[in-house]
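Q: this one's sequence-less:
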């Protein structure tokens, strides 16, 4: 019984380690990407919608996808 528990524990540790490695790889890629931009004012969309939007151009954060080029062209946070 204890062998089964230790095997499951090792398996979970391996899964966790893989998830963390993937998260670090993703973060490293995003930091190298000049288009990645998270420093813009956000406001809740409202109603029953759980998402936020840029408070200037009113485009939702999921559609912006944290990219400067994701904002509308009239927005001061937009960049090609």
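A: Perfect, thanks for sending it. Source: prediction; values computed, not measured. Residues are numbered from 1 along each chain as shown.
Q: What residue spans form the domains of this protein?
A: For the chain, automatic domain parsing gives the domain ranges 1-32, 35-80.
Q: ranking these by mean pLDDT, which is last?
A: Across the domains of the chain, domain 1-32 has the smallest mean pLDDT, namely a mean of 66.
Q: My understanding was that residue 67 contacts residue 37; is that so?
A: Yes. Taking contacts as C-beta atoms under 8 Å, residue 67 lies within contact range of residue 37: 6.6 Å. C-beta coordinates here come from the backbone N, C-alpha and C atoms, glycine included.
Q: Tell me the secondary structure at residue 18.
A: What DSSP: H, G, I helix; E, B strand; the rest coil gives for residue 18 is helix.
Q: Look at it and say how many residues are nearby.
A: A count of nearby residues for residue 18, using other C-beta atoms under 10 Å, gives 10.
Q: State the distance from residue 76 to residue 63.
A: From residue 76 across to residue 63, the span is 18 Å (C-beta to C-beta, to the nearest Å).
Q: How about residue 41?
A: With the distance defined as C-beta to C-beta, residue 41 ends up 16 Å from residue 63.
Q: Same question for residue 48.
A: Plainly put, residue 48 is 18 Å away from residue 63 if you go by C-beta to C-beta.
Q: What of residue 71?
A: From residue 71 to residue 63 the distance is 10 Å (C-beta to C-beta).
Q: Next: residue 18.
A: 30 Å.
Q: quick one, strands of the protein?
A: Assigned by DSSP state E, the chain shows strands spanning 42-46, 49-54.
Q: Mean neighbour count, the ones you listed: which tops it?
A: Each of the strands of the chain was scored by mean neighbour count; the highest is strand 49-54, a mean of 14, by mean count of other C-beta atoms under 10 Å.
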